[in-house]
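>>> no sequence for this one, just the structure:
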């Protein structure tokens, strides 16, 4: 089954304790992206990657890091989480075949609470 | 700045009614306008999308109306059902523009039986 998986689905942590949220897709997609969803703000892009070793900032990258060492994986790293990073996080992927805009497939989300 | 503005924030409609969700955009370079549907506990999923060379697109009970001159587009759901209750997001992007989707704020739609 074609899918985007995220782990963990729920996470409670404390300020300053480094954490990683994993994202993996099995569709051989070149493009992957992280979003955060907050009430009244919709989804805002954190980072994206056009392919292996190619990453770039989205609209709200502060406090986050990413890496793309393999095509299928795109982990989101919070080096020193703060309470304002409490949010619902989504990973998404899509194909760049032919340079056309393709459907973005979203993972199930990771709900993060930073105390 | 919010490049795509969506309204209303929430909407309650009786079964069989026609909810309408509106979006307005600022960047005239946008050329792809999808709508995503999100059920509680799930990630958003593409519902329907339109490009600016047409004024309307229909897929089943879902229709996008697009007004290029007004820089507005809207989602209409015909014969709405309780199973349509979800959060709906409009979005916009630029073809070839790194696939960057700019989302609206979302509309929580409730269809009462």
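Received, thanks. A quick note: this is a predicted structure, and the numbers were derived from the prediction, not measured.
>>> how about low-confidence regions in chain B?
B:1-2, B:95-99 (pLDDT under 70).
>>> The residue of it found nearest chain A: neighbouring residues, count only.
Using CB to the nearest CB, the closest approach of chain B to chain A is made by residue B:43 at 3.2 Å. C-beta: built from backbone N, CA, C; applies to glycine. A count of nearby residues for residue B:43, using other CB atoms under 10 Å in any protein chain shown, gives 23.
>>> surely it meets residue A:104?
No - between residue B:43 and residue A:104 there is no contact under CB atoms under 8 Å: 9.7 Å.
>>> got any residues that touch both of those two?
Common contact partners of residue B:43 and residue A:104 (CB atoms under 8 Å, 6 or more residues apart in numbering or on different chains): residue A:92.
>>> Could you pull out the helices in chain B for me?
Remark: no helices are assigned in chain B by DSSP state H.
>>> Which residues of it lie near chain A?
Neighbours of chain A within chain B, by CB under 8 Å from any CB of the partner chain: B:4, B:6, B:9, B:32, B:34, B:36, B:41-46, B:49, B:89, B:93, B:95-96, B:98-101, B:103-106.
>>> Now residue A:12: closest residue in space, sequence neighbours ignored.
Nearest in space to residue A:12, with sequence neighbours left out and distances taken as CB to CB, 6 or more residues apart in numbering or on different chains, is residue A:113 at 4.7 Å.
>>> What mean pLDDT does the helix or strand hosting the one you found get?
Using DSSP states H and E, the element containing residue A:113 is strand A:110-114. Regarding strand A:110-114, the rounded mean pLDDT is 98.
>>> List the pairing partners of it within its sheet, with orientation.
Counting by DSSP bridges, the strands paired with strand A:110-114 are strand A:10-13 (parallel), strand A:87-94 (antiparallel).
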